[in-house]
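Enquirer: got a sequence here, can you build the structure:
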Amino acid sequence: MLLSKIVVKGFKFYLYGSVNPWVLLASGEVKEISDELAKGKKLGDEIEEGILVGIKGTGKTDSGSAFVKALGESAQTSEGLAKNAKRFEDLKNIQDLAARNAKILQGGKGVVRDPNFRKNFFGMLENYGLKLSENAKKFIAVHHIAPNFLKGKQKIADFITNMGYNIDAVENAIGLPRIDLNILDDAIKGLDESVDVLKNTKHLETIKTTLKLGDDVDVKELKRIIKELEDAKTASVHAVDTYHPAFNRMMEEKITLLSTEFNILFKSAGKAKAIEKIKPKFTDFYNSIVVDLLNGKIKL
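Expert: Residues are numbered from 1 along each chain as shown. Take a look at the predicted model:
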């Protein structure tokens with residue numbers, strides 16, 4: 001068994017290795033396979049007559065991702081096995097590996113993110129006169145305020161549209177740091193002044209690998225990036241390769257409550273009246289989420 005990669009203490013991001021992958025079989029069973037069989041494979045790849053659906057360790061657990069857990073629990077009954085078998089067929093019928101991968105990462109819901117979402121966000125910043133360097137962009141995750149997976153819940157998606165919002169629109173994007181910039185700043189300040197490259201600085205070298213920074217990024221460049229992203233220091237940290245289920249669950253619950261209230265008013269007073277009454281509430285809630293994310297009050 002391969003050892004998982006180092007979890008950097010003090011930094012709000014994690015790295016995980018390939019440890020005991022899981023595949024979903026056509027029968028609906030979930031099978032744990034060896035590292036040797038999964039070597040070089042990615043989520044969604046077909047392997048051992050199954051589809052790679054998870055890696056033990058992903059999501060900071062020892063028993064597989066939430067999706068793998070759900071599949072495993074479902075496989076305990078004949079009805080659940082049938083549902084899993086249907087999930088297998090659904091995944092197998094998706095020929096595009098990126099789309100299949102996205103469906104797995106979304107817990108099998110298959111709501112694909114707009115491929116231009118990130119690019120459009122940085123384009124919007126440029127339109128407002130804020131052009132980030134390419135290296136600085138690598139430190140920023142472009143996060144959906146109203147979660148992307150809600151596009152797969154038609155009633156909620158329709159409600160959000162009635163509120164005048166579009167989940168795929170750049171207005172639903174917010175840029176958040178992928179690591180804690182304050183901790184990075186402190187780590188750099190703690191280096192000897194003679195250090196100007198990332199040699200013998202394990203934490204900084206790990207950041208460089210994690211964020212896929214180029215060889216041109218030395219300590220001086222990191223200092224410049226931190227200064228460039230000064231305004232992002234207070235924001236919530238969008239850790240690398242996380243799905244933030246708690247945030248998604250909270251957003252779905254809150255929006256569902258407003259949607260239910262909207263539907264009741266729709267039936268009794270008509271659409272226009274329902275929008276008039278509920279839209280201010282939705283806007284206030286939405287804006288409060290933006291403020292809380294920018295001020296680091298929401299943990300992702």
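Enquirer: where does the stretch 51-200 of the chain have low pLDDT?
Expert: Within the stretch 51-200 of the chain, the stretches with pLDDT under 70 are 55-66, 102, 105-112, 191-200.
Enquirer: can you give me the strands in it?
Expert: For the stretch 51-200 of the chain, applying DSSP state E, counting those that start in this stretch gives strands covering 140-144, 173-177.
Enquirer: go ahead and name everything in contact with the last one.
Expert: The list of residues contacting strand 173-177 from outside it, by CB atoms under 8 Å, 6 or more residues apart in numbering, reads 117, 120-121, 124-125, 139-145, 229, 232-233, 235-238, 290, 293-294, 300. Using the backbone N, CA and C atoms, a C-beta is placed for each residue, glycine as well.
Enquirer: who's in contact with Leu71?
Expert: Taking CB under 8 Å, 6+ apart, we find Leu71 in contact with 22, 24, 30, 53, 84, 87.
Enquirer: grab the nearest non-local neighbour of the second one.
Expert: Ranked by CB to CB, 6 or more residues apart in numbering and with sequence neighbours excluded, the top spatial neighbour of Leu24 is Val53, at 4.6 Å.
Enquirer: just the buried residues out of the contacts of strand 173-177, in PyMOL syntax.
Expert: Selecting the buried subset of those in PyMOL, with 16 or more other CB atoms under 10 Å as the burial test, is done by:
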select buried, resi 117+120+121+125+139+140+141+142+143+144+145+229+232+235+236+237+238+293+294+300
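Enquirer: inside helices: which ones of the contacts of strand 173-177?
Expert: 117, 120-121, 124-125, 290, 293-294 (DSSP state H).
Enquirer: now distance to Leu176 too, for these, in a markdown table please.
Expert: Formatted as a markdown table, the ones in helices among the contacts of strand 173-177 follow (distance: CB to CB, whole Å):
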| residue | distance to Leu176 |
| --- | --- |
| Phe117 | 14 |
| Asn120 | 16 |
| Phe121 | 11 |
| Met124 | 15 |
| Leu125 | 13 |
| Val290 | 11 |
| Leu293 | 7 |
| Leu294 | 9 |
